[in-house]
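J.: quick one, what's the 3D model for this:
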Amino acid sequence: MRKILWTILFLTASFGIKAQIDPTFSQSLLSPIILNPAATGVYYGGARLSSNYRQQWATVSQPYTTMQVAFDKPIIDNIWVNDFVALGITVSSDNAGVSNFLDNTAKIMVSYGKALDPRERNFVTVGFEGGVSQKSVTFSGLNWESQFNRVGFDQSLPTGEPYIDDKANSGVSVLNPDFGMGIQYVYNNEETKLLKAGISIQHITKPTYEILGREVSTYRRINFHVDYKAKPNGSTLSFWPKMLYSIQGPSRLLYIGSDFHWLLQQAGNITGSVKEISFALGPYYRHKEGMSIQSRLQVGGLTVGASYDFNLNQLRTASNLLGGPEVLVVYQTGYKKGRNEKHNHKRFAWRYD
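T.: Numbers count the residues shown, from 1 in each chain. Below is the predicted model of the structure:
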């Protein structure tokens, strides 16, 4: 049972079936600072607040739930001509199955953006993140062979595992510092092309934790991500492909797809009372794992997204091909307020005129 629990905690709690990998949202590229601290402050608006919530594998066991909240804001703008400094914070929690295996993190990000030309079409940003990671597990919801009394499981009986019996009531909790860094390139001509491409390294110090009497080091994670938005001049339809490739130890995650993004109403240029309204829909594929359908509605600075993930891996029989729903909410202050805009961070704007 101990071997089975070890496998459950460190294999099935992951999104890959080969080995441990951090939880990843289907819509993570729309809340990019959770992947790359260099994305902090890289948006159009005064401040940005985002939140993701995901549930999966309800047909297999107790549902696994993952959630995060992120906030970032430029704090110093137009230093050394067009450069900027931004700060951000993320808080996330991943709860895996009946063991209540929890992975909680809290991080602070800082980024520096450097304009490469006077028109601010080309930018390079570098970012750093630091925080804490807490991993914990409880054993009260688990049954062991020695607790079977020929009728059912009696959890008042010893488990037969001295380590588990000693920790049966308190469980195990480990807290570690965690650090990462990243770099990102941005090209924006404001009307037909918007490109963001970056690389980040997370868990640089490979924090270790002890669960079930064994010490385990977290694999470093390397993320490559590309986000490209393009449209013909004067068109209200844009093509928005995205790609994420992650390496964490022996695991690989490739997530690729595209949105089709329609402008339904253009923002007013003076008072800001007429809000921009747009809708996006598109398919995404996670290599050898699954696929999802994503949709989003944006009204002014508020974006609400929803996606559903379908399993295509070895778990598809038990899950009946079902994966899990995910909800995304993003709010950007000062988004296209016309003359009422009170921020200077317009370099990442996207216009339709």
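
J.: state the distance from Y228 to K275.
T.: Plainly put, Y228 is 25 Å away from K275 if you go by Cβ to Cβ, to the nearest Å. All C-beta spots, glycine's among them, are computed from the backbone N, C-alpha and C.

J.: next one: V126
T.: Distance of V126 to K275, given as Cβ to Cβ: 34 Å.

J.: P207 versus Y335, what's the distance?
T.: For Y335 relative to P207 (Cβ to Cβ), the value is 37 Å.

J.: just the strands in the stretch 251-353 of the chain please.
T.: Here the stretch 251-353 of the chain has its strands, by DSSP state E, counting those that start in this stretch, at 251-265, 277-286, 290-299, 302-311, 322-332.

J.: just the CA trace of the last one, in CSV.
T.: Think strand 322-332. Listed next in CSV are the C-alpha coordinates belonging to strand 322-332 (Å, rounded to 0.1, in the frame of the first residue of the first chain):
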residue,chain,number,x,y,z
LEU,A,322,-13.6,13.0,-19.6
GLY,A,323,-11.0,15.3,-18.1
GLY,A,324,-12.1,18.5,-16.3
PRO,A,325,-13.6,22.0,-16.6
GLU,A,326,-11.6,25.1,-16.0
VAL,A,327,-12.7,28.7,-15.5
LEU,A,328,-10.5,31.8,-16.0
VAL,A,329,-11.3,35.4,-14.9
VAL,A,330,-9.0,38.3,-15.8
TYR,A,331,-9.5,42.0,-15.0
GLN,A,332,-7.3,44.8,-16.3
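
J.: and that strand, what does it pack onto?
T.: If you count contacts as 3 or more Cβ pairs under 8 Å, 6 or more residues apart in numbering; DSSP states H and E, strand 322-332 packs onto strand 48-56, strand 290-299, strand 302-311.

J.: quick one: residues in contact with that strand.
T.: The contact list for strand 322-332 (Cβ atoms under 8 Å, 6 or more residues apart in numbering) reads 25-27, 30-31, 43-59, 63-64, 290, 292, 296, 301-311.

J.: return a PyMOL selection command for the buried portion of these.
T.: The buried residues among those can be selected in PyMOL (16 or more other Cβ atoms under 10 Å) with this line:
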select buried, resi 25+26+27+30+31+43+44+45+46+47+48+49+50+51+52+54+55+56+57+64+290+292+296+301+303+305+307+309+310+311
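
J.: residue contacts, T105?
T.: Contacts of T105 (Cβ under 8 Å, 6+ apart): T90, V91, S92, S93, G131, V132, S133, Q134, D178.

J.: from M291, how far off is A230?
T.: Using Cβ to Cβ, we find A230 at a distance of 23 Å from M291.

J.: more neighbours: which of those two?
T.: Between A230 and M291, M291 has the larger neighbour count (other Cβ atoms under 10 Å), namely 18 against 13.

J.: can you get me a residue count around the residue lying closest to L254 once chain neighbours are set aside?
T.: Spatially, and ignoring its direct neighbours in sequence, L254 is nearest to H287 (3.9 Å; Cβ to Cβ, 6 or more residues apart in numbering). Using other Cβ under 10 Å, the number of residues around H287 comes to 14.

J.: swap in L328?
T.: Neighbour tally, L328, other Cβ under 10 Å: 22.

J.: just send the helices and strands packed on strand 322-332 back as TSV, with mean pLDDT and distance to S235 too.
T.: What follows is the helices and strands packed on strand 322-332, written out as TSV (pLDDT from 0 to 100; distance: least, Cβ to Cβ, whole Å):
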stretch	mean pLDDT	distance to S235
strand 48-56	92	26
strand 290-299	93	17
strand 302-311	92	21
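
J.: please identify which of the ones you listed is closest to S173.
T.: Comparison of the helices and strands packed on strand 322-332 against S173 by Cβ to Cβ identifies strand 48-56 as nearest, at 23.2 Å.

J.: which SSE is immediately downstream of the closest one?
T.: Of the helices and strands lying after strand 48-56 in sequence (DSSP states H and E), the nearest is strand 64-79.

J.: parallel or antiparallel, list what pairs with that following strand.
T.: Applying DSSP bridges, strand 64-79 is found paired with strand 48-56 (antiparallel), strand 83-96 (antiparallel).

J.: starting at the chain centroid, how far to the longest one?
T.: When you say that, I think you mean strand 83-96. Strand 83-96 sits 10 Å away from the centroid of its parent chain (Cα atoms, centre = their mean, to the nearest Å).

J.: with the shortest one instead?
T.: Centroid separation between strand 48-56 and its chain, computed with Cα atoms, centre = their mean, is 8 Å.

J.: contacts for it, please.
T.: 23, 25-28, 30-31, 34, 63-73, 309, 323-333.

J.: report the buried members of the residues you listed.
T.: Of the contacts of strand 48-56, these count as buried by 16+ other Cβ under 10 Å: 23, 25-28, 30-31, 34, 64-73, 309, 323-326, 328, 330-332.

J.: how many other residues sit next to T192?
T.: For T192, the number of neighbouring residues by other Cβ under 10 Å comes to 16.

J.: may I ask you to confirm that it is in contact with A230?
T.: Yes - the pair T192 / A230 is scored as a contact, 6.3 Å apart, by Cβ atoms under 8 Å.

J.: can I assume S146 sits in a helix?
T.: Yes - with DSSP: H, G, I helix; E, B strand; the rest coil as the criterion, S146 is part of a helix.
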